[in-house]
Structure formats: C-alpha cells, structure tokens
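Structure for the following, please:
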Amino acid sequence: MLDFVESGNLGEVRVAPFDVYLNHKNAFQPDIIFIANENLNKLEENGFHGAPDLVIEILSPGSWRFDKEDKKDEYERSGVKEYWMVEPRDKTTEGFFLQNNEYQPLPSETGKISLQLLPLTITF
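Residues are numbered from 1 along each chain as shown. Okay, the predicted model is just below:
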C-alpha cells in the first residue's frame with residue numbers, strides 16, 4: 001500500500017505507533033492509516049488531528065472487541081471513510097465504507113482486502 005500511495009502521489013500512509021486524535025475525547029493508534037492529499041493539512045508533529053481516510057486494524061486477543069465495537073463506532077461517528085479489521089490467525093477480514101454517515105459492510109475475503117478508496121487489493 002505504501003508503494004502504491006507514494007508512486008501515485010496520493011497522500012501518506014502511517015503505521016503504529018502513530019497517534020490519531022479523532023476529537024478532544026478520543027485518540028487512537030491504528031495499525032495502518034491512509035491520509036489523502038486533501039487531508040494532509042491535519043497532519044501535525046504529534047499526530048493526525050481528524051478522521052483519516054482509511055484505517056486498518058489488526059485484531060489481537062486483548063483488543064478485538066474494542067476494535068470491532070467501540071473503535072468502529074467512533075471511526076464511523078468521526079467520518080473515517082473506510083475501516084478494515086483483520087484477524088491474523090485465520091486471515092479473515094471485515095470492512096466498512098461510510099455512506100450517508102453510516103458504515104455499510106464491504107465484501108470480505110480471506111487473506112485479501114479490496115480497498116474502495118484506492119484502486120488496490122492487498123493480499124496477505
């Protein structure tokens with residue numbers, strides 16, 4: 001994803017640990033984020049202030065419920081356009097795309113993420 005974004009001069013990709021301040025109450029460290037060029041003005045020295053365009057979270061046993069429920073809800077409310085969760089043990093994915101301020105589920109495939117914001121499929 002990094003090479004694709006850089007070669008197309010589409011924005012920036014950041015990986016954890018990197019702070020994302022969605023609002024004055026919620027700050028997270030998503031595993032991977034994409035920030036489109038038009039939102040780079042929200043990038044500051046201490047992190048990103050606002051909703052990244054794309055968030056990918058790698059689920060872990062200790063945080064999967066938080067990622068699937070609380071974070072997902074907050075990303076939706078904050079305006080993250082695309083959100084993906086990856087279960088590393090079996091490589092299942094679950095994705096959502098923001099339409100009319102509500103997340104709509106995206107087709108999930110094992111070992112693959114077909115991004116909506118970028119013409120890119122990530123396989124792992």
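
contacting residues for I58?
Residues near I58 by CB atoms under 8 Å, 6 or more residues apart in numbering: D31, V86, P88. Heads up, the C-betas are built off the backbone N, CA and C, glycines and all.

And the second one, how close does it get to T123?
Right, the one you point to is V86. Noted for V86: a distance of 12 Å to T123, by CB to CB, to the nearest Å.

more crowded one of these two?
Shown here are V86 and T123; by other CB atoms under 10 Å, V86 has more neighbours (22 against 9).

Surely that one and L59 touch.
Yes: with contact defined as CB atoms under 8 Å, V86 counts as touching L59 (6.5 Å).

mind checking which helix or strand of the chain has the lowest mean pLDDT?
Taking mean pLDDT, DSSP states H and E as the measure, helix 64-65 is the helix or strand of the chain with the lowest mean score, a mean of 82.

what about that helix, distance to the chain center?
Centroid separation for helix 64-65 versus its chain: 15 Å, with CA atoms, centre = their mean, to the nearest Å.

hey, what's T121 bridged with?
Counting by DSSP bridges, T121 is bridged to S114.

Look at it and say how many residues are nearby.
10.

can you check the one 3 residues further on too?
Applying the criterion other CB under 10 Å, we find 10 residues in the vicinity of F124.

residues contacting it?
F124 makes contact with V86, K91, G111, K112, according to CB under 8 Å, 6+ apart.

Now do the helices in this structure.
Listed in chain order, the helices of the chain (DSSP state H) span 2-7, 64-65, 72-78.

which ones are touching S78?
Each residue near S78 by CB under 8 Å, 6+ apart is listed here: L22, N23, N26, G50, A51.

and what of G50?
Y21, L22, N39, K42, S78, G79.

Can you name the residues that contact the residue most central in space within the chain?
Geometric centre of the chain, nearest residue: V55, 0.4 Å, by CA atoms, centre = their mean. Residues near V55 by CB under 8 Å, 6+ apart: V20, P30, I32, I33, Y75, V80, E82, Y83, W84.

so it bridges to which residues?
I33, Y83.
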